[in-house]
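Enquirer: sequence first, predicted coordinates after that:
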Protein chains: 2
Amino acid sequence: MKRTKITELLSAREGREQVLVKGWVRTRRDAKDFSFLEINDGSCLANIQAIVDTSAQGYDGVKEIGTGASVAVQGALVASPGKGQAWEVKATAVELIGAADQETFPLQKKRHSDEFLRAIAHLRPRTNKFGAMFRIRSELALAIHRYFQERGFFYLHTPIITGSDCEGAGEMLRVTALDPGKPLGPEGVKNDFFGKDAFLTVSGQLSAEPFALALGDVYTFGPTFRAEPSDTARHAAEFWMVEPEMAFATLQDNMDLAEDILKYCIRAVIERRGSDLELFAKWVDTTLMATLERLVSEPFERIPYREAVEILRKAPRSFEYEAAFGKDIQTEHERYLAEEHFKKPVIVYDYPKDIKAFYMRQNDDGETVGAMDVLVPRIGEIVGGSAREERLYRLEARIAEMGLAAEHYQWYLDTRRFGTAPHAGFGLGFERLVMLATGATNIRDVIAFPRTYKHLEF
Amino acid sequence: MKRTKITELLSAREGREQVLVKGWVRTRRDAKDFSFLEINDGSCLANIQAIVDTSAQGYDGVKEIGTGASVAVQGALVASPGKGQAWEVKATAVELIGAADQETFPLQKKRHSDEFLRAIAHLRPRTNKFGAMFRIRSELALAIHRYFQERGFFYLHTPIITGSDCEGAGEMLRVTALDPGKPLGPEGVKNDFFGKDAFLTVSGQLSAEPFALALGDVYTFGPTFRAEPSDTARHAAEFWMVEPEMAFATLQDNMDLAEDILKYCIRAVIERRGSDLELFAKWVDTTLMATLERLVSEPFERIPYREAVEILRKAPRSFEYEAAFGKDIQTEHERYLAEEHFKKPVIVYDYPKDIKAFYMRQNDDGETVGAMDVLVPRIGEIVGGSAREERLYRLEARIAEMGLAAEHYQWYLDTRRFGTAPHAGFGLGFERLVMLATGATNIRDVIAFPRTYKHLEF
């Protein structure tokens, strides 16, 4: 007999004579002639209750089944007389598959701190909270694919290992087959696996652009890396990024897309993972549902960078960093704008060119570029993007002006040499999206096995 | 006015008074008072033809629009009198967006060799063949997500950077923030970014298992790496892998899943990207459609390894490597079984334990493990998987027997200590799936920007 998942049993329209449930016991309660087992199989947040009485095969061993054990219960799916659940299983047979020693099993029935659970990241998905977290993460990932698929975007896998540093940011991890500390021969990295310097990508954008300028609309969704030597709740060395790139698109189209996809993803979680979301609304952030409902129902604010700086300078509070034209907008500024000033997502656009990357489209004012960032409450920047400079002479001039090595960009410039076209795209930080949707405040809690500065466990 | 994609125009049910097409010119043909432009926008294989006559705004410049230029054409969508196309655009205005110099643009209208196109991987998606290739690749990726989503699997992102080597294979690329060749201090790699040895993953399996043993059915779909210093048509240093992992599942379930998902994916491409597929059936592999039709319509052959070896030993031909019990099945053997002997996909199962990984479930014969590989014509192995050893004592014994460092696996063994359960999964090589679907024989031609031994361009 095949097992039926609990999510299916709990949404049954009528009882069934024979079902087989397999899962992990959350609790056992005993009465004189019967025991209740609360079983969870990870298919949904809710458990199903099995009632095992003396008539059930295996009843004799039921008191050896503790929290965390895996079991198989066969029986009838019947309406539950208890409240809070529509269905329960009246067992005809119960089998212990894998025991969990009650002295050593770390997940006894009680609330555990996030910090404790991070230390057992391999077991935390068996808790209600992290089960819900990773179901929501999965739902968001699928929402992204569905969104783009419905709109004719093609999914592209851009390289993880790269010889170039897209943003000139520098904080890259090196990939090598050489022994660390062993002296390089006279040929240097020529003896390495790739025969040259190799790094982990910080963005797939430069690789995605040629594909947008061939297939029209494309997107990437893959891991990206940053070797930032800081151990904060917001930074991981390895994280996933969604990067759409659209041919024949403007900064305006880019903002529309960013707003639309964020709304689409949050709506998908509300509609499809409502029970999981409730857990976070109840235990993690009581303002969560209000924030999300507002996000999906109201238009995002859109303001030029210049105006954002004005607002920040007039803000009735002080910041660690002063806001001024030509300076980066800091996380504290981002959060002030989204959380306090506008109380909703804000798109800031037209940034000074000197604080942005070489590939961004130069505005006619000679001072700003067609960049845009989406700032959301609690998180700050969740999307960063731009119209791309499609004019060859402008792009070449900017590369020279910034002192970049033009010879590394010849293939990239080819896309401007031959049939160039306006295009635009952005990067959406996927972990930040999961944090936005769940109210989680630490990036380590939205990643299965997080990789951060000086941390590489499991 | 917003542009309409060519795929939508070509499937229109009726004409339209005003449409805007944007794309790249494949060819221009001139007559006395008008020109034809064949325009492709990457949304599908087919071009749309625009007829630009003297009445069209911009007609004067039309002869400057060459192959590879990007254009915007506005006009009416009208039934085409020409054959081979239902619709064409009668232009009222044509605009050159980005020129392509006819002397230097490398993609003039003619067939180019795959080798030539690999050297311009940033431009090759503008050819018919590679446009089709990457649309098919995208379709297959989405088919995978759709398949699992419809069956209640959760999508999991397992780490790319890892401290452990899942398969003990050794051929791993190192990740470091240290300068190559610079002597290590007395603390060694403790000063490195992660404070320990770090590598690029070869498989997400060990990370996926704890999630299967919590959420039930999960899958990963992400990049994996192998530092194999060989430059063949089948190996890339970076490739994508799909790895489902199912709780409460047997080797039989595993084989069923592998067969089912392969059929599902190929069917999806046949149904959804038929025109793109036709290109490959016509120009790349004339037996392609027959191979694919057979694959989706007939059950795969399933034989124990022992039987496979027998067949190979009796084969009426010689191999470079002799087949013998206890030896690996080589690519030449795999292809013989699938292409010549059975003429369809074959699942080989129950391999000798000594040629397989420590985590595979030990059979009662003491000699074999519950491993299974799916072999397909032209490719050889496309799927490799197993039932996992869920019995703690057996797994510990095997780790000791193979001389692996037990202390590295304690977290992994926890999943067997607490509520262990039978489970199974496999890895499906995504590039091999794209090669199977298209008939491509070189892995470099199914990856946007391939990374191979001594090659790291773009």
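Expert: Looks like it arrived, so ask away.

Enquirer: drop to CA atoms for contacts and neighbour counts, all remaining ones
Expert: Noted.

Enquirer: max-length strand in chain A?
Expert: Counting residues, the longest strand found in chain A (DSSP state E) is strand A:16-30.

Enquirer: helix, strand or coil for the residue nearest to A:Tyr349 when sequence neighbours are not counted?
Expert: Nearest residue to A:Tyr349, sequence neighbours excluded (CA to CA, 6 or more residues apart in numbering or on different chains): A:Met372, at 4.1 Å. Of the three states, A:Met372 takes strand under DSSP: H, G, I helix; E, B strand; the rest coil.

Enquirer: same question for A:Ala100.
Expert: For A:Ala100, the secondary structure call by three-state DSSP comes out as coil.

Enquirer: so what's it up against?
Expert: Listed by CA atoms under 8 Å, 6 or more residues apart in numbering or on different chains, the contact set of A:Ala100 reads A:Ile65, A:Gly66, A:Thr67, A:Gly68, A:Ala69, B:Arg417, B:Phe418, B:Gly419.

Enquirer: farthest-apart pair in those residues, please.
Expert: Within these, two members stand farthest from each other by CA to CA: A:Ile65 and B:Arg417, at 13.9 Å.

Enquirer: now do the shared contacts for the two.
Expert: Contact with both A:Ile65 and B:Arg417 is made by residues A:Ala99, A:Ala100, according to CA under 8 Å, 6+ apart.

Enquirer: these two: which has the busier surroundings?
Expert: Neighbour count, other CA atoms under 10 Å in any protein chain shown: between A:Ile65 and B:Arg417, A:Ile65 has more, with 25 against 21.

Enquirer: I'd say that one and A:Ala99 touch.
Expert: Yes. A:Ile65 is in contact with A:Ala99 according to CA atoms under 8 Å; the separation is 6.7 Å.

Enquirer: one step back: roughly how far does the residue nearest to A:Tyr349 sit from chain B?
Expert: As judged by CA to the nearest CA, to the nearest Å, A:Met372 and chain B stand 21 Å apart.

Enquirer: so what's the residue count around that residue?
Expert: 27.

Enquirer: and it, what does it touch?
Expert: A:Leu251, A:Met255, A:Ile347, A:Val348, A:Tyr349, A:Asp350, A:Tyr351, A:Gly384, A:Gly385, A:Ser386.

Enquirer: how about 10 Å then?
Expert: A:251-252, A:254-255, A:258, A:302-305, A:347-351, A:383-387, A:425-426 (CA atoms under 10 Å, 6 or more residues apart in numbering or on different chains).

Enquirer: repeat that for A:Phe225.
Expert: A:160, A:171-173, A:199-203, A:236-241, A:451, B:160-161.

Enquirer: which pLDDT value does the model give it?
Expert: The score at A:Phe225 is 96. That number is its pLDDT.

Enquirer: do A:Thr331 as well
Expert: According to the prediction, A:Thr331 has pLDDT 93.

Enquirer: test my guess that it contacts A:Gly380.
Expert: Yes. Using CA atoms under 10 Å, A:Thr331 is in contact with A:Gly380, at 5.8 Å.

Enquirer: overlap in contacts, the two.
Expert: Here A:Thr331 and A:Gly380 have A:Leu337 as joint contacts, going by CA under 10 Å, 6+ apart.

Enquirer: picking that back up, now, the contacts of A:Phe225 that are in strands?
Expert: For the contacts of A:Phe225, the ones inside strands are A:Phe199, A:Leu200, A:Glu238, A:Phe239, A:Trp240, A:Met241, B:Ile161, with DSSP E as the criterion.

Enquirer: any of those residues buried? List them.
Expert: Taking 16 or more other CA atoms under 10 Å in any protein chain shown as the criterion, what is buried in the ones in strands among the contacts of A:Phe225 is A:Phe199, A:Leu200, A:Glu238, A:Phe239, A:Trp240, A:Met241, B:Ile161.

Enquirer: wait, does the longest strand of chain A contact chain B?
Expert: Yes. Contact of strand A:16-30 with chain B (CA under 10 Å from any CA of the partner chain) involves A:Lys22, A:Gly23, A:Trp24, A:Val25.

Enquirer: for chain B, give me its nearest residue in the stretch 201-350 of chain A.
Expert: Closest residue of the stretch 201-350 of chain A to chain B, CA to the nearest CA: A:Leu215 (3.6 Å).

Enquirer: tell me which element the closest residue to that residue other than its chain neighbours falls in.
Expert: Nearest residue to A:Leu215 in three dimensions, chain neighbours excluded: B:Gly42, at 3.6 Å (CA to CA, 6+ apart). Using DSSP states H and E, B:Gly42 sits within no helix or strand.

Enquirer: return stretch A:108-124 as PDB; C-alpha atoms alone will do.
Expert: Output of stretch A:108-124 as PDB, limited to C-alpha atoms (Å, rounded to 0.1, in the frame of the first residue of the first chain):
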ATOM      1  CA  GLN A 108      11.700  17.500  22.500                       C
ATOM      2  CA  LYS A 109       8.300  19.100  22.400                       C
ATOM      3  CA  LYS A 110       9.000  22.700  23.500                       C
ATOM      4  CA  ARG A 111      10.100  25.900  21.900                       C
ATOM      5  CA  HIS A 112      13.800  26.200  21.000                       C
ATOM      6  CA  SER A 113      15.700  29.300  20.300                       C
ATOM      7  CA  ASP A 114      16.700  30.100  16.700                       C
ATOM      8  CA  GLU A 115      20.300  30.100  17.800                       C
ATOM      9  CA  PHE A 116      20.000  26.600  19.300                       C
ATOM     10  CA  LEU A 117      18.400  25.300  16.100                       C
ATOM     11  CA  ARG A 118      21.100  26.900  13.900                       C
ATOM     12  CA  ALA A 119      23.500  24.500  15.600                       C
ATOM     13  CA  ILE A 120      21.400  21.600  14.500                       C
ATOM     14  CA  ALA A 121      20.500  22.800  11.000                       C
ATOM     15  CA  HIS A 122      20.300  19.200   9.900                       C
ATOM     16  CA  LEU A 123      17.400  18.600  12.300                       C
ATOM     17  CA  ARG A 124      15.600  21.900  12.400                       C
END
